[in-house]
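Colleague: what's the 3D shape of this:
(one chain, ligands or ions: 2)
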Amino acid sequence: MTGEKSDSATVLVTGGAGYIGSHAVLALRDRGRAVVVLDDLSTGRRSAVPDGVPLVEGDVGDKALLADLFARHGIGTVMHFAGSIVVPESVERPLAYYRNNTVKSHALIEACVEAGIGRFIFSSTAAVYGMPERLPIDERTPLMPINPYGASKLMTEWMLRDTAAAHGLRPAAFRYVALRYFNVAGADPQGRSGQVSRVATHLIKIAAQTVTGQRAELQIHGDDYDTPDGTCVRDYIHVSDLADAHVAALRHLEAGGASEVLNCGYGRGYSVREVLAMVERVTGRPLPMRIGPRRAGDPPALVAGVERIGVTLDWTPRHADLETIVASALAWEERLLKDHSVLQPSNPSR
Ligand SMILES: NC(=O)c1ccc[n+]([C@@H]2O[C@H](COP(=O)([O-])OP(=O)(O)OC[C@H]3O[C@@H](n4cnc5c(N)ncnc54)[C@H](O)[C@@H]3O)[C@@H](O)[C@H]2O)c1
Ligand SMILES: O=c1ccn([C@@H]2O[C@H](COP(=O)(O)OP(=O)(O)O[C@H]3O[C@H](CO)[C@@H](O)[C@H](O)[C@H]3O)[C@@H](O)[C@H]2O)c(=O)[nH]1
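Modeller: Ligands and ions are numbered 1, 2, ... in the order given. As a prediction, the model looks like this:
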């Protein structure tokens, strides 16, 4: 397409020092793609960025920095992972979430349009659906987020949709893929990256911390849901498969493909109890747990409809089973316990 940057152009990964972004960096590098990371290290870690990948330490909302970075590194595509991700925190501090996730995404999209960067891949979330009544959840399901986190992401999807509509047909076309992640878990099979959270909230991460003795017990947030065993059901996707989906989205846009909004999951749900049983099976150790009250805002079941991603992207998941997800998360947790350099502090000033 006229005016577009070539396929060999560098990919900018915002939030590339974080959990999912660092796996995308690995997936891109494994395929020989040139990558630059932009991260403010608010939750990310310098050590998550592989040697040889430039890390620009800065804010994704800083348009002067972006213009300079785009030109200096010859950026052709932006993968936008940077953001704030803790749902209960978004309820307590909505404006901080709208600023970091929505306002700063606005600056980034605007900077792309101004620089003629026409390919954008965005980390969206199943939280845009809220509490859907029917499973599986396909992309036409009504969008009714029930917390500021989901709303902040949905607004960015809308900005992308409207920007593509306005600029998509011009010579410097703007096209995007928004990937709505379901429950992301696991770690790089080669042990190069994984999840490091100052305050963990995700089930598999907390289970890994508990079974390795870092927590006394895990609390199951409610066992009286209308699900087969009473605990919540989620569609867990391995972080490396998700990273590969980003590479597939990149290829789709580079081949001239249209803008898309796609669910990322496997289309299969596991209950909290099933996940915890798998942790016990993989480790051969009992997991201390107790039943607690429901957690506010938890939908009983979220399972992705995955037909659309299957027909749109050339993406074949390679780690699509719960045992692999759990085993890789546990291997990473063991490594964190042994090798403290992985835990190199993010940004000491924050
Ligand atoms: N983890 C999940 O289960 C999940 C599910 C759905 C969607 N997502 C989305 O995926 C993306 C990545 O999530 P993650 O789990 O890797 O979280 P993370 O906290 O590990 O990564 C986010 C990264 O963005 C950086 N960052 C935050 N604000 C920034 C800013 N203003 N400027 C520059 N860098 C900034 C952080 O330092 C961090 O490295 C987020 O956009 C999140 O909303 C995550
Ligand atoms: O200590 C714990 C932690 C979690 N859970 C339960 O485990 C399930 C999964 O919880 P969690 O891992 O926190 O993920 P979700 O709340 O489902 O949210 C994740 O998945 C969503 C998409 O499905 C994304 O939008 C969010 O960003 C992401 O955090 C839920 O039923 C929780 O109540 C427990 O019972 N005990």
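
Colleague: phi, psi for A301 please.
Modeller: With angles defined as degrees, to the nearest 10, A301 sits at phi -150, psi 140.

Colleague: quick check, pLDDT for it.
Modeller: Looking at A301, its pLDDT reads 96.

Colleague: likewise K5?
Modeller: 51.

Colleague: ditto for V199
Modeller: pLDDT for V199: 84.

Colleague: excluding its backbone neighbours, what's nearest it?
Modeller: Nearest in space to V199, with sequence neighbours left out and distances taken as Cβ to Cβ, 6 or more residues apart in numbering, is V86 at 7.7 Å. C-beta coordinates here come from the backbone N, C-alpha and C atoms, glycine included.

Colleague: and V25, what does it touch?
Modeller: The contact partners of V25, taken as Cβ atoms under 8 Å, 6 or more residues apart in numbering, are 13, 16, 35, 37, 49-50, 53.

Colleague: and I206, its phi and psi?
Modeller: Dihedral pair for I206: phi -70, psi -40, per degrees, to the nearest 10.

Colleague: surely it touches E217?
Modeller: No - I206 lies out of contact with E217 (Cβ atoms under 8 Å); the separation is 10.1 Å.

Colleague: okay, buried residues for stretch 255-264 please.
Modeller: Buried residues in stretch 255-264, counted by 16 or more other Cβ atoms under 10 Å: 259-264.

Colleague: again with stretch 327-342
Modeller: 327-333, 336, 342.

Colleague: hmm, back to that, now, the buried residues of stretch 255-264 that are in helices?
Modeller: Within these, no residue falls in helices by DSSP state H.

Colleague: ok, back up a step: pick the one among the contacts of V25 closest to ligand 1.
Modeller: Using Cβ to the nearest ligand atom, G16 is the member of the contacts of V25 that sits closest to ligand 1, with 7.1 Å.

Colleague: helix/strand/coil for the nearest residue to that closest one once chain neighbours are set aside?
Modeller: In space, and not counting its chain neighbours, G16 is closest to V37: 3.3 Å by Cβ to Cβ, 6+ apart. What DSSP: H, G, I helix; E, B strand; the rest coil gives for V37 is strand.

Colleague: thought A127 was touching K153?
Modeller: Yes - assessed by Cβ under 8 Å, A127 is found in contact with K153 at 6.6 Å.

Colleague: how far does whichever strand or helix holds L160 sit from its chain's centre?
Modeller: Taking DSSP states H and E as the definition, L160 sits inside helix 148-167. Chain-centre distance of helix 148-167: 16 Å, with Cα atoms, centre = their mean, to the nearest Å.

Colleague: and the closest residue to ligand 2 within the stretch 101-250 of the chain, what is it in contact with?
Modeller: Per Cβ to the nearest ligand atom, C232 is where the stretch 101-250 of the chain lies closest to ligand 2, at 3.0 Å. Residues near C232 by Cβ under 8 Å, 6+ apart: 221-222, 225, 271-272, 298-301.

Colleague: so which of those belong to strands?
Modeller: 221, 271, 301 (DSSP state E).

Colleague: quick check: the gap between the first one and H23.
Modeller: What that stands for is H221. In this structure, H221 and H23 are 27 Å apart, going by Cβ to Cβ, to the nearest Å.

Colleague: off-centre distance for the lowest-mean-pLDDT helix or strand in the chain?
Modeller: Sorting the helices and strands of the chain by mean pLDDT, DSSP states H and E puts helix 87-92 at the bottom, at a mean of 92. Here helix 87-92 is found 18 Å from its chain centre; the criterion is Cα atoms, centre = their mean.

Colleague: likewise stretch 202-221?
Modeller: Distance of stretch 202-221 from the chain centroid (Cα atoms, centre = their mean) equals 21 Å.

Colleague: just stretch 248-258 next, same as before
Modeller: Relative to the chain's own centre, stretch 248-258 is displaced by 19 Å; criterion: Cα atoms, centre = their mean.
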